[in-house]
Structure formats: C-alpha cells, structure tokens
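Asks: model this:
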Amino acid sequence: MRPSELLAQKVIPISPVALDTETSGLFVDDGARAAVVSIAYIPAEGEDMVALAWPFDQGVQMTGKPEDTGQLDLWTENPNLPKEEWLALVEWLKLVGERVGFVFHHAKFDLHIMAAGVRQWPGLGVDLSHWTKWDTQNVCHLIWPKAKTTSLKPTAARLWGVDETNESEMVKEYLRKAKLPAGRWDLVPWELIGPYAAQDAKLTLRLYYRQLEEMDSDFPQWFKQEKGHLSLQEAIQRRLDTSLMLFRIERRGLPFDSITALASAEVLADRQVKFESDLPFSPATLPMAKHYWFGSGLKNGVSGLGLNPYSLTTSGQAQLNAQIVDKMVADKVPHADTWRNLQKLITADSRWYTGWASKVGADGRLRASVRQNGTVSARFSVERVQLQAIPHDYKLTGYEALDGVMTPRQLIGRGVPEGYQLWELDLAQAELRVAALYAGCTRMLKLIHEDQDLHGDAATQLFGVTIDSPDWGEMRNVAKRANFSLIFGVGAEKLQEDIETQTGIAMPLGEVQRIVREWNGLYPEYQQAVRQHMRLVEDRMNSRNNAGLGYIETTNGERRWFQPDEETHKAFNQRVQPNLAQFGLDWWLMVEQILVDELGDDEIFDEYSLENIGRIGMVMTIHDSMVLLLPDDESGESLAEMAKEIGVGLWSERFPGVPGDVDVKPWGS
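Replies: Residues are numbered from 1 along each chain as shown. Below you'll find the model as predicted:
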C-alpha cells in the first residue's frame with residue numbers, strides 16, 4: 001500500500017504509528033536526509049500489525065548522490081517513489097498524528113530527518129514533534145537500568161531473541177564490494193534492503209507495548225508517590241519532554257560568523273608557514289620534534305640535541321605533550337616557544353576556525369547533537385561540534401600565534417542577527433555548594449553563607465598566601481584544583497595530574513600529598529561523606545530487591561544506578577552530579593516552555609528586508625548553564641531576568657540550606 005492509498009482511504013489506526021527512517025547520514029547539517037520511511041501500526045481491534053516501508057532516495061542507480069558512479073545496478077528499475085507519494089505521506093502523517101500520535105526509538109534523530117525531508121525535494125519536510133507521544137529508547141534507559149545498551153536491535157534480541165545480524169552483515173558486505181562508504185544504508189539497492197526495511201518500525205511498536213506491560217511490574221515502581229517525587233509516568237513524560245526540547249534547541253542552532261572564521265583561518269595558515277620556517281627541523285612533525293630535542297645523531301639532516309626527556313612512555317619513549325612543552329618554554333629550551341605557538345595554532349584552527357566553519361548549517365548556525373542518555377550521571381554529552389567546551393577569551397591570550405585573531409566566543413557573538421542579543425545564564429559555584437551541603441561541611445558552608453572566596457581561603461590555609469602575595473594567583477589556582485578534586489576523594493597522584501593539566505604547574509608528589517593531608521584536615525566531612533555513600537550503594541547492591549544494583553537517589557526521585565561491577569568510590573560524586581543534572585534539566589524545561597509560549601518556535605523574518613533571522617529562544621545548554629537568543633530590547637532583557645528568577649527559585653526548593661545564585665549577562669560581557 002502506497003502513502004497515496006493510505007491518504008485516500010483515510011486510514012486511521014487504533015495504535016500510535018511507529019516511524020523509522022533510513023538516511024544518508026547522521027546529521028542534517030552534514031547532508032543527512034530521508035532515504036526510506038517505514039511505519040508500523042495496528043489497524044483495528046483484533047487485527048495483526050501492519051508494517052510498510054517506502055523508498056524515496058534509496059540505492060545508487062542514477063540518483064545523483066556524490067557516491068553514485070552511474071554504473072552500479074544500471075539496468076535495475078528505480079524503486080524510489082515520486083514526489084507526489086512523499087507529499088501524500090506528509091499529509092497522512094499529519095492526519096494520524098493528530099489522532100493517534102507517533103512512537104519512535106530515538107525520536108530526536110527521526111524528527112530531525114523528517115523535518116529536513118528528502119534530498120531532491122528541499123523544503124518539503126514535516127515537523128512531527130507536536131504529535132510525538134513516546135520514545136522507546138528513553139523508556140529502555142529508565143525501566144531496564146541493568147541493560148548494557150538501549151539500542152533497538154540488541155534490546156529486541158534480549159527480549160525476544162530477534163536476530164538482525166544477517167541484515168547488518170549483508171549491508172556491510174554489499175558496501176565493501178561496491179567500494180562505497182561504510183554505514184551508508186541508503187546506498188544499498190532496494191531489492192536487498194527492502195525485505196528488512198519495515199523491521200525497525202515493527203520492533204519499535206512491539207517494544208512500545210512491551211514497555212506498557214513492564215510498567216505494571218514490580219521493578220519500575222521504585223518511583224515513589226511522594227511530594228516532590230516523580231511517578232513512573234511522569235518520569236517517562238519528562239524524558240520525552242527533554243527529547244523534544246533538545247530537538248527544538250538543535251533546530252535553532254547557535255549563531256556563528258563563519259565568514260570571519262574562514263578569514264581568520266587564512267591568517268593562521270600564513271602564521272603556520274612562518275612558525276614552521278622558524279623551527280630548526282623539517283618537517284614540523286611530532287617525531288621530528290622529539291628527535292631534535294631528545295634524540296641523537298642525524299634524522300632528515302637534523303642533529304638531535306640529546307636533552308634528557310621530561311617524561312617517558314611505558315615503552316621508554318620520550319613524551320612531548322602540551323604540559324611538557326609548557327615546562328620547556330619555562331626552562332627556555334631552544335625553539336620550544338615556537339613549537340608551542342605552532343601547536344596552539346594548529347589545534348585552534350582545526351577546532352574553532354576551519355573546524356567550526358566547515359560544520360555551519362545553511363542558515364549560518366552551529367549545531368551540536370546532544371546525547372540525552374549519554375552519561376550515567378544524567379549530564380548531557382554532545383557529538384559533531386563540541387559546544388560544551390567553548391574556551392573563554394582569557395584562555396587564548398598570551399600566545400603569539402593567536403594575537404589579533406577573533407576568539408571563538410567573539411565569532412559566536414558576531415553571528416547574532418541585528419536586533420537580537422545572546423544571554424548567558426550560569427549557576428554560581430554550583431558543584432562546590434551542593435557538595436558542601438550533602439557533606440555537611442561546616443567550614444565550607446560558613447564561607448559560602450558569608451559569600452567568601454572558597455578558593456582564596458583554601459590558598460591561604462594551604463600555602464600561607466594572601467591576596468597581596470606575588471604568587472597569589474598561582475596558588476589560588478592550585479587551591480581551586482584541590483577543592484574541585486578533593487571534595488570527591490581523589491588521591492594525591494590524580495590531584496598532581498589535575499594540577500599540572502589545568503594550571504601547568506608541576507608539583508612534586510610529596511608536596512601534593514601534603515596538600516591532600518592538610519586539605520582533608522580543613523574539611524574532614526568530605527572523607528566521611530565519600531565513605532558513607534560507598535557503604536550506602538554497596539548495601540543496596542547486596543539487597544535482594546535491587547537485582548544486584550546499587551543506587552543514589554536524587555531530590556526528585558530519579559536514581560543513578562550502579563552496575564554490579566562498578567566502582568562505588570564515586571558514589572558521593574554521583575550524588576552531587578546527578579542532582580545538579582536533574583536541577584538543570586528542570587530549570588531548562590521550565591524556561592523553554594515560557595520562551596516557546598512567548599516567542600514561538602518559527603523562523604523569524606525582518607519585516608522590512610524579509611531577511612531570515614532564524615529561530616530564537618534557548619540555543620544551547622552547557623552543564624549548569626544556558627544560552628538564550630532574545631530580542632535586543634526590554635522584552636529580551638525581561639525574559640533573561642525571568643529565566644534567572646526561575647533558577648534561583650528552583651535552587652531554593654531543591655537545595656535548602658545552601659544559598660545559590662544565577663549569573664546573567666549578555667554574551668561576551
């Protein structure tokens with residue numbers, strides 16, 4: 001049955017429609033579009049599931065895809081449906097979406113693909129987010145915490161023994177023999193992939209009903225019906241709301257001035273040539289650098305200096321990382337400063353200049369893809385573009401290689417359309433405050449209530465320095481690393497590594513051991529908290545009710561599960577981090593709903609020039625912060641203040657006993 005027939009007959013199933021896509025890639029801004037759409041549904045009471053799949057851009061026969069040689073399967077009849085069938089599918093999906101809704105496995109991905117549509121018919125996608133009612137991947141993560149993966153096919157294999165190995169192997173073998181890119185299911189001929197095409201939609205719908213049954217079993221009922229605690233149904237809905245929020249954030253994207261970024265990249269390329277010419281060895285590679293400083297004899301006509309290596313690998317080879325190069329510069333080793341500048345330049349260009357400019361979408365926005373269930377602590381991780389690690393301007397100063405070049409933050413600011421403003425909202429010292437609260441640390445809580453400098457106090461106590469001391473800044477930075485590491489009970493060797501990595505200061509192990517000992521004397525409650533939380537998790541692991549799993553509960557009733565073989569020493573850390581993650585998530589959801597109500601989520605055009613401004617609202621989240629793109633007027637400033645007030649109010653509810661605040665400021669200020 002074709003989409004046009006479904007539409008003509010006004011087929012309305014009694015079940016939600018499970019929908020799955022096969023695509024030409026992973027990310028819309030990299031060209032990923034729908035190649036195959038498959039659906040599954042139950043047509044009527046007592047009837048069997050119906051599964052259908054339609055190719056719209058499948059295979060390589062004369063498709064016009066870059067990978068198409070024009071030779072493969074030349075005489076095979078083109079199976080792809082015409083534009084009229086795609087339009088019919090869009091209309092039918094709108095019809096059933098309003099009536100029964102949609103079920104996905106990893107909804108955010110398929111929503112992006114359906115909104116982008118098919119490669120050869122740009123602008124004809126459909127936004128199905130308004131009618132999305134379930135994401136089976138989210139629910140897998142929630143009700144089966146012991147499972148190793150939430151992916152669809154391994155989950156189906158675990159539950160029903162469904163074996164999809166043959167399909168995957170067939171695809172891999174075809175692509176290998178045809179010398180086509182790995183993972184491109186859209187390039188496989190329809191006669192090979194067609195028999196399997198509807199399987200994922202069928203499995204998704206089957207999994208949806210299995211999860212409904214599972215909700216009535218005993219294990220998921222660890223959710224408590226208490227004030228402030230989520231029910232299981234609320235937790236499922238909250239995960240879906242999060243998926244839809246992330247879909248909207250990613251569609252908006254982060255402004256970025258790619259033209260200036262590419263111009264900066266040209267400047268960096270010229271400087272790279274100059275730095276390379278200033279080095280006494282060529283080519284300017286890591287092996288040649290190691291030879292020049294630490295080797296002997298000749299290599300490419302260059303004599304090694306034979307210096308003693310600062311550090312060796314386990315195999316006895318000289319190491320040359322960023323921290324070692326910093327030491328070499330401090331020791332005035334010949335040409336170490338030139339090498340450091342060159343490496344800083346190359347890294348900066350590949351990450352933020354050429355790197356980011358190559359990832360910008362057609363609308364000039366940068367988009368990271370957020371892994372909603374990417375970490376055990378409920379923190380988000382990202383892929384494609386690392387927008388959770390945008391360097392502050394001050395971290396790029398002091399390097400000749402980057403003098404006078406726009407910083408990544410400045411390039412983001414320059415991408416903001418005229419008449420709009422980016423706002424940053426960030427929790428103030430959230431991690432230390434929550435850790436002090438949960439550890440009951442008397443000294444640190446007193447300092448927080450008095451609005452004292454926590455890192456400065458630690459520097460004074462550990463090193464005897466004051467704000468007037470010449471090495472105040474250096475010692476305060478060391479104390480800062482000690483505070484962030486030792487609240488979670490790390491050892492001296494790990495702290496030594498953290499200090500060197502974050503500050504460039506190499507401290508003898510004996511000195512670091514002294515710091516650990518005296519810091520624990522200042523704040524003894526943290527060691528006690530680490531031990532208490534370890535015992536709590538281990539006791540729960542040994543309980544017959546938890547299937548060998550331990551857990552730490554958050555303030556809203558969610559749980560951070562510990563697997564039977566997992567290290568329990570980090571249990572206190574995993575009380576702090578998940579509680580902050582749950583706080584951040586609720587803060588974002590509350591602000592997002594208000595912004596959508598106030599601003600909508602459609603593309604905005606300047607009323608005079610009809611210039612496309614793009615979508616506005618929340619455009620990025622980073623751990624304990626958010627970035628908002630708002631009108632550059634009183635209404636935008638009012639919305640930013642509203643977002644701050646929501647955060648401050650929610651903090652007082654979640655973490656009574658320790659003050660919290662939200663810093664709000666225009667981007668770059």
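
Asks: Please identify which helix or strand holds Pro145.
Replies: Using DSSP states H and E, Pro145 sits within no helix or strand.

Asks: What distance do you get for it to His455?
Replies: In this view, Pro145 and His455 are 36 Å apart by Cβ to Cβ, to the nearest Å. For the C-beta atoms, the positions are set from N, CA and C on the backbone; glycine is no exception.

Asks: beta partners for the spatially most central residue of the chain?
Replies: Note on the chain: the residue nearest the mean C-alpha position is Val382, at 1.8 Å, using Cα atoms, centre = their mean. On the basis of DSSP bridges, Val382 is bridged to Val370.

Asks: How about the contacts made by the spatially most distant residue from the centre of the chain?
Replies: Centroid-distance maximum for the chain: Gly297 at 47.1 Å, with Cα atoms, centre = their mean. Gly297 sits next to Ser303, Gly304 when contact means Cβ atoms under 8 Å, 6 or more residues apart in numbering.

Asks: So it versus Gly306, what's the distance?
Replies: In terms of Cβ to Cβ, Gly297 sits 9 Å off from Gly306.

Asks: Quickly list the domain ranges of this structure.
Replies: Annotated domains of the chain cover 3-217, 258-418, 430-545 [automatic domain parsing].

Asks: measure the longest one end to end?
Replies: Put plainly, it is domain 3-217. 38 Å (Cα to Cα, to the nearest Å).

Asks: So which elements touch whichever helix in the chain runs longest?
Replies: Longest helix in the chain by number of residues (criterion: DSSP state H): helix 573-599. Contacts defined by 3 or more Cβ pairs under 8 Å, 6 or more residues apart in numbering; DSSP states H and E place helix 573-599 against helix 232-252, helix 430-439, strand 550-553, strand 559-562, strand 617-622, strand 625-631, helix 634-654.

Asks: Would you convert these into CSV that also reports distance to Ile39, mean pLDDT and mean neighbour count?
Replies: CSV is the format used below for those (distance: least, Cβ to Cβ, whole Å; pLDDT from 0 to 100; neighbours: other Cβ atoms under 10 Å):
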stretch, distance to Ile39, mean pLDDT, mean neighbour count
helix 232-252, 19, 95, 20
helix 430-439, 44, 96, 23
strand 550-553, 37, 90, 21
strand 559-562, 33, 90, 22
strand 617-622, 31, 95, 23
strand 625-631, 35, 96, 23
helix 634-654, 39, 96, 17
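
Asks: okay, these in TSV with distance to Gln317 next?
Replies: Below are those laid out as TSV (distance: least, Cβ to Cβ, whole Å):
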stretch	distance to Gln317
helix 232-252	42
helix 430-439	37
strand 550-553	41
strand 559-562	38
strand 617-622	37
strand 625-631	41
helix 634-654	49
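
Asks: out of the ones you listed, nearest to Thr347?
Replies: Among the helices and strands packed on helix 573-599, the nearest to Thr347 by Cβ to Cβ is strand 617-622 (20.4 Å).

Asks: What is the distance between the closest one and the centre of its chain?
Replies: 12 Å (Cα atoms, centre = their mean, to the nearest Å).

Asks: What strands line up against it, and which way round?
Replies: strand 625-631 (antiparallel).

Asks: For the strand it pairs with, output the C-alpha coordinates as CSV.
Replies: Output in CSV follows, covering the C-alpha atoms of strand 625-631 (Å, rounded to 0.1, in the frame of the first residue of the first chain):
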residue,chain,number,x,y,z
SER,A,625,24.1,27.0,32.3
MET,A,626,22.0,28.0,29.3
VAL,A,627,22.4,30.4,26.3
LEU,A,628,19.4,32.4,25.1
LEU,A,629,18.9,34.3,21.8
LEU,A,630,16.4,37.0,22.5
PRO,A,631,15.2,40.3,21.1
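
Asks: Not counting its own residues, what contacts it?
Replies: 252, 254-255, 416, 419-427, 587-588, 591, 595, 599, 616-621, 636-637, 639-640, 643, 667.

Asks: Between helix 573-599 and it, find me the angle.
Replies: Interaxial angle of strand 625-631 relative to helix 573-599 (axes from the mean of the first three to the mean of the last three Cα atoms, to 10 degrees): 10 degrees.

Asks: low-scoring pLDDT stretches of the stretch 101-250 of the chain, where are they?
Replies: 163-166, 218-226 (pLDDT under 70).

Asks: The same query, at a cut-off of 90, please.
Replies: Scanning the stretch 101-250 of the chain for pLDDT under 90 picks out the ranges 141-149, 153, 157, 161-197, 214-232.

Asks: Give the full set of residues in contact with Gly97.
Replies: Val17, Leu128, His130, Trp131.

Asks: What are the contacting residues of stretch 332-341?
Replies: Residues contacting stretch 332-341 (Cβ under 8 Å, 6+ apart): 275, 278-280, 284, 289, 292-293, 305, 307, 322, 325-326, 328-329, 399-401.

Asks: Centre of the chain to it, how far?
Replies: Using Cα atoms, centre = their mean, the offset of stretch 332-341 from its chain centre is 35 Å.

Asks: for it, which positions count as buried?
Replies: Val333, His335, Ala336, Asp337, Thr338, Trp339, Arg340, Asn341 (16 or more other Cβ atoms under 10 Å).

Asks: Nearest to Arg531 among those?
Replies: Arg340 (42.6 Å).

Asks: could you measure that closest one against Lys327, distance?
Replies: From Arg340 to Lys327 the distance is 11 Å (Cβ to Cβ).

Asks: who touches both of those two?
Replies: By Cβ under 8 Å, 6+ apart, no residue touches both Arg340 and Lys327.
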